[in-house]
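Undergrad: make a model of this:
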Amino acid sequence: MATDRICIGAIAGAFGVRGEVRLKSYCAQPEAIAAYAPLWTEDGKRSFTVRITRTIPNGFAARLSGVTTKEEADALRGAELFADRDRLPNLPDDEFYHADLIGLEVYDTGGAKLGTLRAVHNHGAGDILEIFAPGRKTALLLPFTRAAVPTIDLTAGRIIADPPEETE
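TA: So this is what the prediction gives:
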């Protein structure tokens, strides 16, 4: 499931009238986003170097190479920014990039397939895995804790989960 680029931030729109952008960082150390440049758009057609100019609520004001006007900054609103995987730090054994988990098959501790991991969400209280299974009316939402997800085997491309009884 490994990809060559990992999403590490997004542009929330223009900041001011001189071409700065509002930058949201998804990095564990938010200010490190500038160190992973060049940052690419999802389609890979544009890349940017980043210079953080100041901290603002919910992110940073930043200058992106090639963006000099408010209109250019506004045109990038909503664009996700991706870094080359080899520019990112290696993670400890118990940490994962979400991009490596999306698409993995999820099995329960008895070996029955629960579905495929569709997304990893975080609404402030910890990560939640969204597992999609054909035939289910709703996705299975599972807390991403060691108790609920005891094993992640990237080599085999699977996750072993132990969902609470009421979610099955």
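
Undergrad: okay, CA-based contacts and neighbour counts for the rest of this
TA: Will do.

Undergrad: where are the low-confidence patches of the protein?
TA: For the chain, applying pLDDT under 70 flags the ranges 1-3, 166-168.

Undergrad: in it, which helix has the most residues?
TA: helix 70-75 (DSSP state H).

Undergrad: who are the packing partners of the following helix or strand past it?
TA: Beyond helix 70-75 on the C-terminal side, the first helix or strand identified by DSSP states H and E is strand 80-84. Judged by 3 or more Cα pairs under 8 Å, 6 or more residues apart in numbering; DSSP states H and E, strand 80-84 is in contact with strand 5-15, strand 39-40.

Undergrad: next one: the last one to chain centre, how far?
TA: In this case it means strand 39-40. How far strand 39-40 lies from its chain's middle: 14 Å, per Cα atoms, centre = their mean, to the nearest Å.

Undergrad: ok, residues contacting that strand?
TA: 46-50, 81-84 (Cα atoms under 8 Å, 6 or more residues apart in numbering).

Undergrad: domain assignment for the protein?
TA: 5-87, 98-158 (automatic domain parsing).

Undergrad: and the first one, how far out from the chain middle?
TA: Put simply, domain 5-87 sits 14 Å off its chain's centre (Cα atoms, centre = their mean).

Undergrad: ends of that domain, how far apart?
TA: Domain 5-87 has an end-to-end distance of 9 Å (Cα to Cα, to the nearest Å).

Undergrad: so who does the residue nearest to Lys24 when sequence neighbours are not counted touch?
TA: Of all residues beyond its chain neighbours, the one nearest Lys24 is Gly59 (4.8 Å), with distances taken as Cα to Cα, 6 or more residues apart in numbering. Residues in contact with Gly59 (Cα under 8 Å, 6+ apart) are 22-25.

Undergrad: distance of Arg46 relative to Ser65?
TA: 10 Å.

Undergrad: again, but for Gly13
TA: From Gly13 to Ser65 the distance is 15 Å (Cα to Cα).

Undergrad: need the strands for this structure, in chain order.
TA: 5-15, 20-25, 39-40, 47-48, 50-56, 59-64, 80-84, 105-108, 113-122, 127-132, 140-143, 151-153, 158-161 (DSSP state E).
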